[in-house]
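Asks: Pasting a predicted model and its sequence here:
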Amino acid sequence: MILICYDGSEDAKAAIDRAARLMPGREAIVLTVWETFTDALARTGAVFGAGGAGLDAEEIDRLAEEAAKETSREGAERASAAGLSARPATRARHGTMAAAILAEGDAIDAEAIVLGTRGLTGVRSMLLGSVSHAVVQHADRPVLVAPSEKVAELRAGHRPS
């Protein structure tokens with residue numbers, strides 16, 4: 001069983017396609033991680049004051065989870081069309097994105113974790129962090145990080161000497 005992380009981005013689509021080429025016919029869980037409203041507030045430090053009194057956190061969470069389920073279904077359909085035996089899954093994020101991915105990998109005893117990369121470099125990478133980097137650094141199983149075609153093309157012209 002492989003775990004494929006999917007958020008609908010071109011990078012995530014490339015990761016599915018690469019996994020299907022490298023591991024055809026394998027069973028796969030296509031995971032979309034979502035964040036609860038209260039966790040998002042805590043992470044961002046957002047404050048709504050009196051204007052936020054009418055917000056329904058449970059409804060916001062329900063909508064976020066449903067959106068994640070739809071995204072995961074989309075990814076599982078793509079993976080199945082590419083030749084994997086895939087099913088969708090979602091997980092609520094309560095810490096870092098990498099922690100949620102690693103926890104799902106543990107829960108399903110994944111043989112490998114597959115994810116895309118945003119291709120950030122320099123200051124942007126340092127400021128925004130890197131989910132793929134954190135997963136690679138903390139995983140106890142193989143991790144495949146697949147760049148999108150656009151990122152791969154950019155990197156091909158800028159290899160270190």
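Replies: Noted; the coordinates are in hand.

Asks: can you pull up the bridge partners for A146?
Replies: Under DSSP bridges, the beta-bridge partners of A146 are G116.

Asks: isn't it right up against V114?
Replies: Yes: the pair A146 and V114 qualifies as a contact (C-beta atoms under 8 Å) at a distance of 6.8 Å. In this view, the C-beta of every residue, glycine as well, is placed from N, C-alpha and C.

Asks: shared neighbours, these two?
Replies: A15, R18, A19 (C-beta atoms under 8 Å, 6 or more residues apart in numbering).

Asks: which element is the second one on?
Replies: When secondary structure is defined by DSSP states H and E, R18 falls within helix 10-22.

Asks: Now the element after that helix, going C-ward?
Replies: Following helix 10-22 toward the C-terminus (DSSP H and E): strand 27-35.

Asks: Doesn't A92 lie inside a helix?
Replies: No: applying DSSP: H, G, I helix; E, B strand; the rest coil, one finds A92 to be strand, outside a helix.

Asks: As a check, name the ranges of all helices in this protein.
Replies: In the chain, the helices defined using DSSP state H lie at 10-22, 37-44, 57-81, 97-107, 122-128, 131-138, 149-156.
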